[in-house]
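In: Predicted coordinates and the sequence they were generated for:
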Amino acid sequence: MIDLHCHVLPGIDDGPPTLEGSLQLARAALAAGTRTLVATPHVSARYPNDAATIARLAAELSELLDTQGIALRVRAGAEIALASALELEDEQLAALGLGGSRWLLIEPPFTPGAGGLDTLLTDILAREHRVILAHPERCPGFHEDRAALESLVRAGVLCSVTAGSLVGRFGGHVRRFARALVRDGLVHNVASDAHDHLQRPPGIASELRRARLQPLAAWLTTEVPAAILADGEVPPRPAGAAREARAWRRRRR
């Protein structure tokens, strides 16, 4: 699997405070079936990280993983707060792409009543950046206006749902909203959004099994992420996969 969203770098945001914590998270990710991890520290007013610092820490962690015999590939990226994305210059934004790609992982606000998200994100698209939304299922603005999210997907925005959302880690409302988005073809990736190896662990596959979404698992966790990192065409959702997932859910009830 490829995990496109993980806070694995030490001492840079609300992920592991130490290098040992990063190693523990990396070991847990490998044990959970992940083979490539994109390090996506926050870039926000609270965590004003830059591409050079992120790249340096990702390279240092990669070197340490090699010496420790941990067969996990780490690539640099970022989770960019929407407000910060609007303020950064295009060159600065481009340097924060996932794995060096043109795709930006943008975090929408958690503030209730934050309307106009589609307009703000369309502004970033107009600057010729590609956008992946981080955990849109946890954004109150999209709960209030799902049509705005649907409009963004039609415009080419991709949605990355946190695996824990699918199994209720962020509450029943988020779980139902996330599953409805998957059902309706509005989700293109599932990532861990891990912050450590215990409280916010890097699981993905087990959560997909619990959510009974195995028919979509390879597409969500390998095929689409690989295309994103390669700046290639995102493969179409597997024909019949959603129908198979619904049938499986009925059989398991």
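Out: Perfect, thanks for sending it.

In: Now do the helices in this structure.
Out: Assigned by DSSP state H, the helices in the chain fall at 19-31, 51-68, 82-87, 90-94, 117-126, 140-144, 146-154, 172-183, 205-210, 214-218, 224-229, 241-252.

In: which of those sits most buried?
Out: When neighbours are counted by mean count of other Cβ atoms under 10 Å, the highest per-stretch mean among these falls to helix 224-229, a mean of 22. For every residue, glycine as well, the C-beta is placed using N, CA and C.

In: Who are the packing partners of that helix?
Out: Contacts of helix 224-229 with other secondary structure elements, assessed using 3 or more Cβ pairs under 8 Å, 6 or more residues apart in numbering; DSSP states H and E, are made with strand 2-6, strand 36-39, strand 189-191.

In: As JSON lines, those strands with mean pLDDT and mean neighbour count would be great.
Out: Output for the helices and strands packed on helix 224-229, formatted as JSON lines (pLDDT from 0 to 100; neighbours: other Cβ atoms under 10 Å):
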{"stretch": "strand 2-6", "mean pLDDT": "98", "mean neighbour count": "27"}
{"stretch": "strand 36-39", "mean pLDDT": "98", "mean neighbour count": "25"}
{"stretch": "strand 189-191", "mean pLDDT": "98", "mean neighbour count": "29"}
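
In: Quick one, which of those strands gets closest to V153.
Out: Closest of these to V153 is strand 189-191, at 12.4 Å (criterion: Cβ to Cβ).

In: which helices and strands sit right next to the closest one?
Out: Applying 3+ Cβ pairs under 8 Å, 6+ apart, one finds that strand 189-191 contacts strand 2-6, strand 158-162, helix 224-229.

In: avg pLDDT for the longest one?
Out: Averaging the model's pLDDT scores along helix 224-229 yields 98.
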